[in-house]
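Trainee: Please find the sequence and the predicted model below.
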Amino acid sequence: MVSYCERPRDARHVQEAFLKLYHYPISSYLKCSQYFIRMHDETFSELENALARLAATVKEQAAQTQKVSAQVQASKPAPQVVNNP
């Protein structure tokens with residue numbers, strides 16, 4: 001049995017939750033809606049934080065790649081001109 005504010009695990013639980021909500025008073029439905037909104041807001045903020053950390057990591061890796069590329073370019077020997085008469 002699923003409580004009316006529990007996240008459904010599969011189709012049967014979705015149907016049970018819907019039927020419970022259908023028979024509950026509107027105040028209970030609103031409470032549940034607010035619960036789901038808070039839950040999704042928390043999930044979105046977690047995703048935003050993860051995305052910000054990922055973007056920072058990508059920027060850091062890009063800077064490191066440019067640094068190594070510059071080091072490789074600096075360590076290449078200069079081209080030598082050969083004078084063949």
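Mentor: Structure's in. What do you need?

Trainee: in this structure, which ranges drop under the pLDDT threshold?
Mentor: 1-15, 17-26, 28-29, 85 (pLDDT under 70).

Trainee: switch to 80 and redo it
Mentor: 1-36, 78-85 (pLDDT under 80).

Trainee: Going along the chain, name the helices of it.
Mentor: If DSSP state H is used as the criterion, the helices of the chain fall at 11-23, 26-75.

Trainee: can you list these in TSV and add mean neighbour count and distance to Asn84?
Mentor: Glycine gets a C-beta too; all of them are placed from N, C-alpha and C. Below are the helices of the chain laid out as TSV (neighbours: other CB atoms under 10 Å; distance: least, CB to CB, whole Å):
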stretch	mean neighbour count	distance to Asn84
helix 11-23	13	80
helix 26-75	10	28
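
Trainee: Rebuild those helices as JSON lines, extending it with distance to Val81.
Mentor: Below are the helices of the chain laid out as JSON lines (distance: least, CB to CB, whole Å):
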{"stretch": "helix 11-23", "distance to Val81": "76"}
{"stretch": "helix 26-75", "distance to Val81": "20"}
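
Trainee: Out of those helices, the one nearest Asn83 is which?
Mentor: Closest to Asn83 of the helices of the chain is helix 26-75 (CB to CB; 25.9 Å).

Trainee: by contact count, what packs against the closest one?
Mentor: With contacts defined as 3 or more CB pairs under 8 Å, 6 or more residues apart in numbering; DSSP states H and E, the packing partners of helix 26-75 are helix 11-23.

Trainee: Can you tell me how far Phe39 is from Pro79?
Mentor: Phe isn't right for residue 39; it's Met. 63 Å (CB to CB, to the nearest Å).

Trainee: Appreciated, that's everything.
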